[in-house]
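Q: sequence and predicted structure below; questions after.
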There are 4 protein chains.
Amino acid sequence: MVKVVILGQGYVGSIFALGVERIKNGDLGYYGVPLANELPIKIEEIEIVGSYDVDKSKIGRSLYEVVKLYWDNNIPESLKSIVVRKGIHLRSLKNLPIEAEGLEDEMTLSEVVEKLIEEWKDLKAEVFINVCTTEASVPFESKEELIKAIEENNKERLTATQVYTYAIAKYAKEVGGAAFVNAIPTLIANDPAFVELAKESNLVIFGDDGATGATPLTADILSHLAQRNRYVKDIAQFNIGGNTDFLALTDKERNKSKEFTKSSIVKDILGYDAPHYIKPTGFLEPLGDKKFIAMHIEYVSFNGAVDELMITGRINDSPALAGLLVDLARLGKLAIERREFGTVYPVNAFYMKNPGPKEMGNIPRIIAYEKMRVWAGLNPKWF
Amino acid sequence: MVKVVILGQGYVGSIFALGVERIKNGDLGYYGVPLANELPIKIEEIEIVGSYDVDKSKIGRSLYEVVKLYWDNNIPESLKSIVVRKGIHLRSLKNLPIEAEGLEDEMTLSEVVEKLIEEWKDLKAEVFINVCTTEASVPFESKEELIKAIEENNKERLTATQVYTYAIAKYAKEVGGAAFVNAIPTLIANDPAFVELAKESNLVIFGDDGATGATPLTADILSHLAQRNRYVKDIAQFNIGGNTDFLALTDKERNKSKEFTKSSIVKDILGYDAPHYIKPTGFLEPLGDKKFIAMHIEYVSFNGAVDELMITGRINDSPALAGLLVDLARLGKLAIERREFGTVYPVNAFYMKNPGPKEMGNIPRIIAYEKMRVWAGLNPKWF
Amino acid sequence: MVKVVILGQGYVGSIFALGVERIKNGDLGYYGVPLANELPIKIEEIEIVGSYDVDKSKIGRSLYEVVKLYWDNNIPESLKSIVVRKGIHLRSLKNLPIEAEGLEDEMTLSEVVEKLIEEWKDLKAEVFINVCTTEASVPFESKEELIKAIEENNKERLTATQVYTYAIAKYAKEVGGAAFVNAIPTLIANDPAFVELAKESNLVIFGDDGATGATPLTADILSHLAQRNRYVKDIAQFNIGGNTDFLALTDKERNKSKEFTKSSIVKDILGYDAPHYIKPTGFLEPLGDKKFIAMHIEYVSFNGAVDELMITGRINDSPALAGLLVDLARLGKLAIERREFGTVYPVNAFYMKNPGPKEMGNIPRIIAYEKMRVWAGLNPKWF
Amino acid sequence: MVKVVILGQGYVGSIFALGVERIKNGDLGYYGVPLANELPIKIEEIEIVGSYDVDKSKIGRSLYEVVKLYWDNNIPESLKSIVVRKGIHLRSLKNLPIEAEGLEDEMTLSEVVEKLIEEWKDLKAEVFINVCTTEASVPFESKEELIKAIEENNKERLTATQVYTYAIAKYAKEVGGAAFVNAIPTLIANDPAFVELAKESNLVIFGDDGATGATPLTADILSHLAQRNRYVKDIAQFNIGGNTDFLALTDKERNKSKEFTKSSIVKDILGYDAPHYIKPTGFLEPLGDKKFIAMHIEYVSFNGAVDELMITGRINDSPALAGLLVDLARLGKLAIERREFGTVYPVNAFYMKNPGPKEMGNIPRIIAYEKMRVWAGLNPKWF
């Protein structure tokens, strides 16, 4: 059994919950789940035990009702038993057209942490999946600074993700082990403060920023060019979508944190910083969750010839990430069992846009996939 | 030193010769050559010693003059010393608007073979690069059948590539070693008859069909999808260009041999034969050597979501292949030195669309690249 | 009231019938119908009175049941009252995986004609919409030759469309007026034999080949370039789909008739025959009715600069044509009322890929639209 | 003879000067010039008599030397005789990495105006072409307010384009006629203050913002959809380039003025404001003057079917506009001769993104082209 708590019950969290239940009911196959059911821990063993959000219209409602906002037929009845609880806000929905409230409105952050730990003990939570809205955040670098900010109730310095991670670390220490999957850009697996904290708290961290959308595809295409020693002159990549995450990214500060994780692949894969423009570009409501991507890559081939690739696509944003989470929940449990606390690069390198720890970079996903399989105790597929 | 003979002095062969000389002169860097100058055998050691063609207007002219047909400035003077010799025709330019003649017009195939061997001994040839026009051919499967066809002067059964390979095998046996790089779709590395012959003749065969253009890119994109367990619903891939190779492919029979090597990747990479349409599509003269490619891939992601990718591009056909040949010439010499006769899958898997031997299939190129590096004595780049 | 008979109850005919009934029921707006409800004859006045096909599995079944093959929810009950009758085959489904039978199996073509006329008199048919599968056909040029072929029961010479048109002309003469909308490539409005016959038989002909898909879009893009005096170097246009029409076009002969109507726009719009490759390219079953199109256009701008456009798209094939038919049925009735017998260029120029009569060509659709509005008694929109 | 003064000697102005001289020398045909040489005033009659800029490194140099920055072979010697003069700056290069100086650094704006008028009288200037860098500007609406701003030397309120236009109006009044072609987004033909001033000053204004790039193409594609009554769900359009204009547009304020003229077409053509994202997106230096465009349009066809178009392209930015200027210079002279002072909608509607006067909107370019021809005394091409 893998007992999962969802932090941020938006589109991705809802498709994740829906998909897992549909698989359990035999209504859905394993497509979109990289490891399908190859792991010793089966998808059917995933049990969603808790859910947190700060949208007033969601708190107190059942997961069934929330999932209905994103999907309209055949929602499994089993989702009726989970109720969305009030979580940490700390400006995470700021500037969005959503009425929000957080636990910190009524108590100090230290009290929030204690309250959450008690709830999680009741739920016997094991793996926490963070799919909050993209935040504007500043990493801590030092554990002491982080602890000080919590203790001083410094609400301006901290984001929801940072407080959640701190609370989960404390929880993990008390109960002997837990895993935190950070699927958003806030630096956690890349923040030495959190990695150090995790190591001494029986906490597994996977992060940062789930590797979906155009970025991992760009990584593999750049690998393709790098291996043929083609010189990339320039890369332009546009993304536009109509879900809340794109709306949130119209906010300049949040956009920056996203831009960083997207851009880092260029130098990591090519070995030089080819001129590039890789940014989430805009919000266009009718596109919904199915974003439009457009990419242009220009490179030099043999004898000075210049080639061009133009890639466009329509990609369902939330299911892509939700499918990865089905693996990550199980890999989190596996890491707890193996007591591999801190962060796990072979997992991050495949599943994350900005794989921690900080000193590591991106490698071609196709290679990362094989390394991850080996880490998970599976045979490599081709190597 | 790597002494190279070019078989088929068309666009690819000319850009190869031009690029190698420009590199020697310091006029060109290593872009487009996958291994750049990492190998112990340096690019500067490549020496083109011979060239064969069957186009009447090329035979007897210098490489300098032939290269001028494809490139218009700063052609190295060094190309003036190599003269294009008459080679084997056997219908290889049939139906093309080119006046052709072949050695077999005046003598039997056995005599042709003997004549060529004598010439190659004079040239001290080591590596033979086959960049003839795509042929319609039938593999032999048995060595005996092949030998019989040569002896009986069966011009209808044999293609130019098959006779060249036979001649080179005989030459290799006599001189102690040679390498044949088959960059066109004719099955050689995939024909057990030739692989058996190579093993007993000190011949290295690399083949078949140089992995350039849309196909290796498609392979890596399919790998990308396979590793995320996305179910590919369908693949359409179009190619159109204006060089002689596209003109030749308007011929139905030749097209078939190309279609086969292009299509085989789908099942090899995905593990199932996703419905696909992958064919060279047409000839459009003003596109010249810079072909237009278009691709559409539709796949199922998590929770049944359907995504789509549309890829278009302009790709210089000949330089892409010529750049690979710069590696293959040197790897051929390396294999001779190591006495790895027969065919070498780790080389073929990266450089060839249809990697021999017959029983092996395609693997993701990014993986193949690492295996090839290891075979070549280099460190893997990421693994 | 406009009493319509559908010839060929496939995808297009079924979406047409479905859409018209849904509009009548208030379930669907007017999107995709160029003139919406601007005409004096309203969409609600269209009454489908008859349907013909040669697919054994369709003959004798209700339109309701046939539409269900293409659409799966909320089919209007009103379609239950129309039964698909046996029509003319004459090889129109040859080589397709469909068991077919035609009236001509049991009687001569002259008898078929008489039988149909009797049925149509019962139905009080006014407008006939031809959406049979694309045929391989040869135009007649002379009316006498056509009549002779019918009288001699020359089944090899004639196609289903040609015999239908002949029968409808005879019917029109007897009842005082009828209209024939030829939405497939068979030359009818472009065959002087049929136009002459129509003029003397009270028959209105609209044709040939409904202007949907990539071709009219290409026409408008070429117009865009022509008006800026940009010189088009080359045009490549690919189409691939998974419906019966694409399957039929894998047949070389049928493909040719399609290629012709697609290619003629280039010279008509640009004034010179820019090198082009414009062909239906292939069949890929999972694409279904939503074809994939890809286009590449390269042109010279000021000061010799070369620009490129790459266009891809997913386009629902049948609804696009069905929407045009909603106008054409009403315009057919209008033309009968005005007694404009023969063929009507201002209608054809907007709605048809190959607008008849033969001596007329393509003009930019945006211009043609205005002229058509004027013909229909409406104000031009912008001119 | 048409005596032309170029305001802003950047990429567009240089390609315009170069192209005109190459045409005069017989080195270049008429491609990219919409009316080619159909007008009674011939291209060969265009004479560039003056040039203004504020880039310190250009002022005082010959046009020959400036053109060399953008083009590297065969620059006509005739350009050596024109020297770039110091023009009006007023922050037009603010935030760009260019050292700039303007006439207003040393004198009041009223003095600048007088000085320029004297120079233009010497040059006998007739048509002024404004191709300054995109500015952030605020329209005046009232003529009095404009005059007051000049008189009060209000450098914060005015932009270079506004002061130039004022000066040219004053000049036109004195000499009896002149034309001002505003090829940038600053509202001039759309500012009632300037149109009123023009009418009473013998000034012809063409504007605003030359219709090149993706926007006029989008207009024609939207017209294509509108005429088929397809309902446009959403439009995304991206542009990225590497010339100074794209660099300037990274400045938020300038970008806004561009966004406005780009977006206005949607409602003008469709009749409703379909959700859209149409903005210059970014700067990517290696793309140079050949921008990359990407577009996505999603629309509803008949029976509720949803289609999609994805358009990408590489378009040379400056030659596209320069080609239009070759017509506009001549049409300006024509309008002076006809004494059509104020602004001329039939010209603007085809050549401008935001055609003035303010109360008029966009119409499909293909229609506008015909109307413009009629205005210019030519036969329509298709209507």
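A: Looks like it arrived, so ask away.

Q: pull the longest helix from chain A.
A: When chain A is parsed with DSSP state H, its longest helix is helix A:317-338.

Q: does chain B sit close to that helix?
A: Yes: interface with chain B: helix A:317-338 contributes A:Pro319, A:Ala320, A:Ala322, A:Gly323, A:Leu324, A:Val326 (CB under 8 Å from any CB of the partner chain). All C-beta atoms are positioned from the backbone trio N, CA, C, and that covers glycine.

Q: which residues touch the fifth one?
A: Under the criterion of CB atoms under 8 Å, 6 or more residues apart in numbering or on different chains, the contact list for A:Leu324 reads A:Val33, A:Pro34, A:Ala183, A:Gly210, A:Ala211, A:Thr212, A:Tyr351, B:Arg228.

Q: export these as CSV, with columns for distance to chain D, pLDDT and secondary structure.
A: Output for the contacts of A:Leu324, formatted as CSV (distance: CB to the nearest CB, whole Å; pLDDT from 0 to 100; DSSP: H, G, I helix; E, B strand; the rest coil):
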residue, distance to chain D, pLDDT, secondary structure
A:Val33, 27, 96, coil
A:Pro34, 27, 96, coil
A:Ala183, 25, 97, coil
A:Gly210, 23, 95, strand
A:Ala211, 23, 91, coil
A:Thr212, 19, 88, coil
A:Tyr351, 28, 96, helix
B:Arg228, 22, 93, coil
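
Q: tell me the one of the residues you listed nearest C:Gly19?
A: Closest to C:Gly19 out of these is A:Thr212 (37.4 Å), distances taken as CB to CB.

Q: on the three-state scheme, the residue of chain A found nearest chain D is what?
A: Nearest residue of chain A to chain D (CB to the nearest CB) works out as A:Ala294 at 3.6 Å. Here A:Ala294 is recorded as strand under DSSP: H, G, I helix; E, B strand; the rest coil.

Q: neighbours of it, just the number please.
A: 29 (other CB atoms under 10 Å in any protein chain shown).

Q: which residues touch it?
A: Listed by CB under 8 Å, 6+ apart, the contact set of A:Ala294 reads A:Ala236, A:Gln237, A:Phe238, A:Met310, A:Ile311, A:Thr312, D:Phe238, D:Ala294, D:His296, D:Met310, D:Thr312.

Q: what's the burial count for the last one?
A: If I follow you right, that is D:Thr312. Number of residues near D:Thr312 (other CB under 10 Å) recorded here: 25.

Q: quick one: contacts for it?
A: A:Ala294, A:His296, A:Met310, A:Thr312, B:Thr312, C:Leu309, C:Met310, C:Ile311, D:Phe292, D:Ile293, D:Ala294, D:Met295.

Q: doesn't the fourth one belong to a strand?
A: Yes: with three-state DSSP as the criterion, A:Thr312 is assigned to a strand.

Q: let me know the closest of the residues of helix A:317-338 next to chain B to C:Glu111.
A: Closest approach between the residues of helix A:317-338 next to chain B and C:Glu111, by CB to CB: A:Pro319, at 59.5 Å.

Q: ok, the closest residue to A:Ala320 other than its chain neighbours - how many residues close by?
A: Nearest non-adjacent residue to A:Ala320, counting by CB to CB, 6 or more residues apart in numbering or on different chains: A:Thr212, 3.9 Å away. The number of residues packed around A:Thr212, counting by other CB under 10 Å, is 25.

Q: look up how far B:Val300 lies from A:Thr212.
A: Relative to B:Val300, A:Thr212 is positioned 15 Å away (CB to CB, to the nearest Å).

Q: now the helix or strand hosting A:Lys173 against helix A:317-338, angle please.
A: Taking DSSP states H and E as the criterion, A:Lys173 maps to helix A:160-175. Interaxial angle, helix A:160-175 versus helix A:317-338 (axes from the mean of the first three to the mean of the last three CA atoms, to 10 degrees): 30 degrees.

Q: who does whichever helix or strand comes after helix A:160-175 pair up with?
A: Following helix A:160-175 in sequence order, the next helix or strand is strand A:178-182 (DSSP H and E). Here strand A:178-182 has these sheet partners by DSSP bridges: strand A:127-130 (parallel), strand A:203-206 (parallel).

Q: so how far is strand A:178-182 from its chain's centroid?
A: In terms of CA atoms, centre = their mean, to the nearest Å, the centre of strand A:178-182 is found 10 Å from the chain centre.

Q: alpha carbons only: can I get that strand in CSV?
A: C-alpha atoms of strand A:178-182 as CSV (Å, rounded to 0.1, in the frame of the first residue of the first chain):
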residue,chain,number,x,y,z
ALA,A,178,8.1,9.8,4.3
ALA,A,179,8.5,11.1,0.7
PHE,A,180,7.9,14.5,-0.8
VAL,A,181,7.4,14.7,-4.6
ASN,A,182,7.8,18.3,-5.7
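
Q: what's the first helix or strand after it?
A: Per DSSP H and E, strand A:178-182 leads on to helix A:192-199 as the next helix or strand towards the C-terminus.

Q: what's the mean pLDDT across that next one?
A: For helix A:192-199, mean pLDDT is 97.

Q: what of stretch A:242-249?
A: Here the average pLDDT along stretch A:242-249 is 88.

Q: that one vs chain B: in contact?
A: No: Stretch A:242-249 lies apart from chain B when judged by CB under 8 Å from any CB; the minimum separation is 12.8 Å.

Q: run through the residues of chain A sitting next to chain C.
A: When proximity is defined by CB under 8 Å from any CB, chain A lies next to chain C at A:Met310, A:Thr312.

Q: let me know the outermost residue of chain A.
A: Centroid-distance maximum for chain A: A:Asn303 at 42.4 Å, with CA atoms, centre = their mean.

Q: wait, that one sits on B:Asp317?
A: No: look at A:Asn303 against B:Asp317 with CB atoms under 8 Å: they stay out of range, at 11.9 Å.

Q: and the residue of the stretch 1-150 of chain A that's closest to chain C?
A: Chain C sits closest to A:Asn73 of the stretch 1-150 of chain A, with a gap of 12.0 Å, by CB to the nearest CB.

Q: flag every residue of the stretch 251-383 of chain A that's near chain B.
A: Proximity of the stretch 251-383 of chain A to chain B, by CB under 8 Å from any CB, involves residues A:290, A:300-316, A:319-320, A:322-324, A:326, A:350, A:363-367, A:369-371, A:381-383.
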